[in-house]
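[1] could you work out the structure for the sequence below:
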Amino acid sequence: MKNGKCPMCNSTKIYTNSNAIFTETSDSANPYDVSVYDSENEVTIYLAPYICVNCGFTASFADDMNIVKGLPDTDGWEQVK
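    Residues are numbered from 1 along each chain as shown. Just a heads-up that it's a prediction; the model follows:
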C-alpha cells in the first residue's frame, strides 16, 4: 500500500494521513501506536494508516523505519518464523 497500490483490488486510490489519531473502541483489535519498555528506555513506534477508498482495505505501517530497524536490539521482540 505504501507504493500507492492496493494489494486487494489493485486500485491506486490509496490515502494516508500522518495526523490521524487512533482511538479506542470496544471491538478494535489494536488501534494504538506501539510502545515497548526496554531495559534501558521506552521505544515508541508511531503508525501511519493507509486506506484504499475503492475497496476499504486498511493497513498500518511504522512511520519511522529507523526505529523499526532497531527493534531486534530491544527487549522482547522475536522474529516470526
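[2] which ones are touching the residue nearest to Val68 when sequence neighbours are not counted?
    Nearest non-adjacent residue to Val68, counting by C-beta to C-beta, 6 or more residues apart in numbering: Ala62, 4.6 Å away. The way it works is simple: take the backbone N, C-alpha and C, and place the C-beta from them, glycine included. Residues in contact with Ala62 (C-beta atoms under 8 Å, 6 or more residues apart in numbering) are 45-48, 68.
[3] out of these, what pair is the most spread apart?
    Farthest pair in the contacts of Ala62 (C-beta to C-beta) is Ala48 and Val68. Separation: 12.0 Å.
[4] any stretches of the chain with poor pLDDT?
    The chain contains residues with pLDDT under 70 at 21-41.
[5] got the residue ranges for the helices in it?
    Applying DSSP state H to the chain gives helices spanning 65-69.
[6] contacting residues for Val53?
    Contact partners of Val53, counting by C-beta under 8 Å, 6+ apart, are 11, 13-15.
[7] phi first, then psi, for Gly70.
    When read as degrees, to the nearest 10, the backbone of Gly70 gives phi -90, psi -10.
[8] ok, what's across the strand from the residue nearest to Val68?
    Leu47 (DSSP bridges).
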